[in-house]
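A.B. asks: Sequence and predicted structure below; questions after.
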Amino acid sequence: MVAYVDVICLLNWCFDSLLLYWTSIFLKKKVPYWRIVAAGFLGSLFILLQFTSYYYIANSVFLKIVISIFMVLLTFGYHRLKIFLKACFLFYFITFSTGGILMGIHFLFAYKFVAADVGLFYVTKSYGDPVSWLFVMIGFPAAWLYARKVFTDLEITSMVHDGIVMLAIKIKDHIYTCTGLIDTGNQLYEPITNTPVMILSIQNIKQEIPPDILELVEQPLDHHMLAKCTESSWGERLRIIPYKVVGKEQQLLLAIRPDWINITYGDKSGMVQRGLVALTKQSLSHDHTYECIVHPRMIVSLNSMNAS
């Protein structure tokens, strides 16, 4: 069997870094990329011991645990014992789960059975074979993207269905404050950029909205009104959002790209990474409990930014 040390180290560096990155996603911690890459490099250096006269040290379970602990420590730091142990456990869980998948794929493609006088035995190709590279470049990122989507969907499902949040929305020189409802049924997206859209009632802020924008919101949008959108005072910020209600034809909503959106949700508060604000003249709550319907993806983004 031929072993290419540089290829083996590079493969392990990639895998260790991706495993740590995956761990940070499930922990919902924003970690600088250099910390992840540095910790992955530390793990890859451990592999070099297998090609020296100290190879027996590399087989030590104790040393493997120590190295993995240092990798987690370098990536996430140490704040509290409970959080640190949670990070270690999650890193081990993801590593073992991914290792099982890797062994299955590698056994499927890279192993072959050879007939011998005493029976059958199997051999494998060298380290760094095309199967390993293929999984690094395609398989692992694809699995990560799928898992992240599933995790996000689960997080949305677990949200409090009638959660109330406080919002501050800045558009040019105005800051609009209101109360919002997290509605998992709100699945409005801007069709081109796939940006989530919240819906804001203008009932209580009419006096703060420019007259030309107010006119656009209060009248049904059609092809003639679209020309006025580009000429309005917020023209460069306006977006048209198509939506459909059961039993009615497709309709259009006027949305604004704000300077920023700040959401306070429970003990978390922060800026939404991406979001548009659709304006409606209708009241959204009969008892005026809230003036805005918040897209759940915005809360997921908020959680990812503030979790620590």
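C.D. replies: Alright, I've got the coordinates.
A.B. asks: Could you use CA atoms for every contact and neighbour count after this?
C.D. replies: OK.
A.B. asks: Break this protein down into its domains, please.
C.D. replies: 5-157, 164-306 (automatic domain parsing).
A.B. asks: Return the distance of the last one from the chain's centre.
C.D. replies: Centroid displacement of domain 164-306 relative to its chain, using Cα atoms, centre = their mean, to the nearest Å, is 22 Å.
A.B. asks: just for the stretch 51-200 of the chain, where's the confidence low?
C.D. replies: The model of the stretch 51-200 of the chain has pLDDT under 70 over residues 54-55, 58, 101-141, 143-144, 146-162.
A.B. asks: which residues of it fall in helices?
C.D. replies: Here the stretch 51-200 of the chain has its helices, by DSSP state H, counting those that start in this stretch, at 55-58, 61-76, 81-109, 130-134, 140-157.
A.B. asks: rewinding a little: switch the domains of the chain over to CSV; also include mean neighbour count.
C.D. replies: Formatted as CSV, the domains of the chain follow (neighbours: other Cα atoms under 10 Å):
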stretch, mean neighbour count
domain 5-157, 15
domain 164-306, 16
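A.B. asks: Tell me which stretches of the stretch 151-300 of the chain form strands.
C.D. replies: Secondary structure of the stretch 151-300 of the chain (DSSP state E, counting those that start in this stretch): strands at 164-171, 174-182, 197-201, 238-243, 251-256, 260-265, 268-271, 276-280, 292-294.
A.B. asks: With distance to Arg80 added, can I get those in a markdown table?
C.D. replies: Output for the strands of the stretch 151-300 of the chain, formatted as a markdown table (distance: least, Cα to Cα, whole Å):
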| stretch | distance to Arg80 |
| --- | --- |
| strand 164-171 | 29 |
| strand 174-182 | 31 |
| strand 197-201 | 37 |
| strand 238-243 | 45 |
| strand 251-256 | 42 |
| strand 260-265 | 24 |
| strand 268-271 | 19 |
| strand 276-280 | 37 |
| strand 292-294 | 33 |
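A.B. asks: so what's Met166 up against?
C.D. replies: When contacts are counted by Cα atoms under 8 Å, 6 or more residues apart in numbering, Met166 touches Thr177, Cys178, Thr179, Gly180, Ile263, Thr264, Tyr265.
A.B. asks: how far away is the fifth one from Phe62?
C.D. replies: Taking Cα to Cα, to the nearest Å as the criterion, Ile263 is separated from Phe62 by 46 Å.
A.B. asks: now the third one
C.D. replies: With the distance defined as Cα to Cα, Thr179 ends up 53 Å from Phe62.
A.B. asks: Then Thr52?
C.D. replies: Thr52 is 19 Å from Phe62, by Cα to Cα.
A.B. asks: One more: Cys14?
C.D. replies: Applying Cα to Cα, the value for Cys14 to Phe62 is 23 Å.
A.B. asks: again with Tyr243
C.D. replies: The gap separating Tyr243 from Phe62 is 58 Å, by Cα to Cα.
A.B. asks: got it, and Leu276?
C.D. replies: From Leu276 to Phe62 the distance is 52 Å (Cα to Cα).
A.B. asks: Give me the residues contacting stretch 174-190.
C.D. replies: Counting by Cα under 8 Å, 6+ apart, 156-157, 160-170, 195-198, 205, 208, 239-241, 243, 276, 289-296 sit against stretch 174-190.
A.B. asks: at 6 Å what do you get?
C.D. replies: Residues outside stretch 174-190 that contact it (Cα atoms under 6 Å, 6 or more residues apart in numbering): 163-169, 195-197, 241, 290-296.
A.B. asks: Quote the end-to-end distance of that stretch.
C.D. replies: One end of stretch 174-190 sits 23 Å from the other (Cα to Cα).
A.B. asks: The strands of the stretch 151-300 of the chain: which one's closest to Cys9?
C.D. replies: Closest approach to Cys9 among the strands of the stretch 151-300 of the chain (Cα to Cα): strand 268-271, 39.4 Å.
A.B. asks: Can you measure across stretch 208-228, start residue to end residue?
C.D. replies: End-to-end span of stretch 208-228 (Cα to Cα): 20 Å.
A.B. asks: hmm, I was thinking of stretch 221-241
C.D. replies: One end of stretch 221-241 to the other measures 11 Å (Cα to Cα).
A.B. asks: coming back round to it: with Val72 as the reference, name the closest of the strands of the stretch 151-300 of the chain.
C.D. replies: Smallest distance to Val72 across the strands of the stretch 151-300 of the chain (Cα to Cα): 25.1 Å, for strand 268-271.
A.B. asks: Does anything pack onto that closest one? Which helices or strands?
C.D. replies: Packing partners of strand 268-271 (3 or more Cα pairs under 6 Å, 6 or more residues apart in numbering; DSSP states H and E): strand 260-265.
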